[in-house]
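Q: My questions concern the predicted model and sequence given below.
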Amino acid sequence: MTLSHAELVTAVPEALLRTDLPELGDRIEGKVRDIYLRDGDRILITTDRVSAFDRVLGAIPFKGQVLNQLSAWWFEQTSDIVANHVKSIPDPNVTIGAEAAALPVEVIVRGYITGVTSTSLWTLYDQGVDRPYGLDLPPGLSKNDALPEPVITPTTKATGGAHDERLTSEEVVSFGLVEPDLWQEVKNAALAVFRKGQEVAAAAGLILVDTKYEFGLIDGQLALIDEVHTPDSSRYWIAETYDSGDPQNYDKEFLRLWFVDQGYRGEGPAPTMPAAFVATVAQRYIDAFERLTGSAFEPGATPVAGRIRKALL
């Protein structure tokens, strides 16, 4: 990676918080990206904003570029499995995607039984919940064990931070959220993309633990949309730490746990992340990109807003 830790610290105040490009139209501000609609396309500008506990808690320099470029790379790797929305990548922070009709269900694929929240697969299993998420899991599993086969635990698409975390695959169909044949296609595609992700992660010394996929329809064809297999959308462990019984995160969980260590769990004012810690997180995002793709991360030039405007107009 071409940037030193000191350079990453220096870049912290320059992190891209939001775009201001009124010439593109009205801005739709998500948690980590700004979206503009133009001529039937979605212009997705990935920012450096940090989202955790369903709140924006700061920014990590170059994070947007990592998410955008890593997703673009993954879309290429999985295009033989399922179509995607990408039309072009005119800038390190920008994806121009086709307008898609998003399915009302987000697909979470899990290869390991882990988690600490009240709705995590491990918590429900450990509490003896019968068939958590409608799954028939074998007895005797311990926290962080690999599952015999990856499993799907769907959830309704986030609206105002609210998820139906207990949705089962059967309910997706019975509630009329997705037609049966299309839901089977979604599940087949999600599991195939996840298997590809596991293979690539293993070759990079990482373990793909679980991930979230968002699917939509483009001209009636199933397509992956949003981002894929990034440190924001997936949980990765460093493989060499797994056998120690204390797998180390190489994803957003590393950042989230810092907030928990400061006593913050999403309520009230969030603690300010020191610049040195922000630079450490940026380094992990960049390292994940380089491990997975096998390519050096080359940051786009600053100032970012001017560079994006030049690329798009």
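A: Arrived safely.
Q: Can you report phi and psi for the nearest residue to residue 153 once chain neighbours are set aside?
A: In this structure, residue 153 finds its nearest non-sequential neighbour in residue 133, 4.3 Å apart by Cβ to Cβ, 6 or more residues apart in numbering. In this view, the C-beta of every residue, glycine as well, is placed from N, C-alpha and C. Reported as degrees, to the nearest 10, the phi and psi values for residue 133 are phi 60, psi 20.
Q: let's have the chain start at 179 instead
A: Understood, numbering begins at 179; the last thing we discussed is residue 311.
Q: looking at it, residue 311 is touching residue 345, isn't it?
A: Yes. Taking contacts as Cβ atoms under 8 Å, residue 311 lies within contact range of residue 345: 7.5 Å.
Q: Compare the two (neighbour count), which wins?
A: residue 311 (23 against 20; other Cβ atoms under 10 Å).
Q: re earlier: now do the shared contacts for residue 311 and residue 345.
A: residue 331 (Cβ atoms under 8 Å, 6 or more residues apart in numbering).
Q: before we move on, back to that, any idea how far the residue nearest to residue 331 lies from residue 432?
A: According to Cβ to Cβ, to the nearest Å, residue 311 and residue 432 sit 26 Å apart.
Q: Same question for residue 279.
A: 34 Å.
Q: for residue 208, same thing?
A: 22 Å.
Q: same question, residue 294
A: If you go by Cβ to Cβ, the gap between residue 294 and residue 432 works out to 14 Å.
Q: between those two, who's got more neighbours?
A: residue 432 (16 against 11).
Q: after the helix or strand where the more buried one lies comes which helix or strand?
A: Using DSSP states H and E, residue 432 sits in helix 430-439. Downstream of helix 430-439, the next assigned helix or strand under DSSP H and E is helix 453-471.
Q: what does that next one contact?
A: In this structure, residues lying in contact with helix 453-471 by Cβ under 8 Å, 6+ apart are 179, 181, 183, 186-187, 189-190, 236-241, 244-245, 247-248, 251, 378-379, 382-384, 407-409, 414, 428-429, 432-433, 436, 451, 473-475.
Q: just checking, which of those residues belong to helices?
A: Judged by DSSP state H, the contacts of helix 453-471 include 183, 186-187, 189, 241, 244-245, 247-248, 251, 378-379, 432-433, 436 as members of helices.
Q: how close does residue 276 get to residue 258?
A: Applying Cβ to Cβ, the value for residue 276 to residue 258 is 18 Å.
Q: Looking at these two, which is more packed in?
A: More neighbours surround residue 276 than the other of residue 276 and residue 258, with 17 against 9 (other Cβ under 10 Å).
Q: and the more buried one, how far is that from residue 216?
A: If you go by Cβ to Cβ, the gap between residue 276 and residue 216 works out to 12 Å.
Q: And residue 454, by the same measure?
A: Counting by Cβ to Cβ - residue 454 and residue 216 are separated by 39 Å.
Q: where does the stretch 329-478 of the chain have low pLDDT?
A: 336-343 (pLDDT under 70).
Q: same thing but 80
A: 335-344 (pLDDT under 80).
Q: Just grab the bridge partners of residue 391 for me.
A: In this entry, residue 391 is beta-bridged to residue 285, by DSSP bridges.
Q: what sits against it?
A: By Cβ under 8 Å, 6+ apart, the neighbours of residue 391 are 284, 285, 286, 287, 368, 371, 402, 404, 406.
Q: Can you give me every residue that contacts the third one?
A: Contact partners of residue 286, counting by Cβ under 8 Å, 6+ apart, are 330, 331, 332, 333, 388, 389, 390, 391.
Q: Rebuild those residues as CSV, extending it with secondary structure and distance to residue 306.
A: As requested, the contacts of residue 286 are arranged in CSV below (DSSP: H, G, I helix; E, B strand; the rest coil; distance: Cβ to Cβ, whole Å):
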residue, secondary structure, distance to residue 306
330, strand, 22
331, coil, 18
332, coil, 23
333, strand, 22
388, strand, 22
389, strand, 27
390, strand, 26
391, strand, 29
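Q: Which of those residues has the largest number of neighbours?
A: residue 332 leads the contacts of residue 286 on contacts (other Cβ under 10 Å) with 28 neighbours.
Q: Hmm, that one is touching residue 282, no?
A: No. Residue 332 is beyond contact range of residue 282, at 10.0 Å (criterion: Cβ under 8 Å).
Q: quick one: contacts of stretch 436-450?
A: Contacts for stretch 436-450 (Cβ under 8 Å, 6+ apart): 230, 231, 232, 233, 235, 236, 451, 455.
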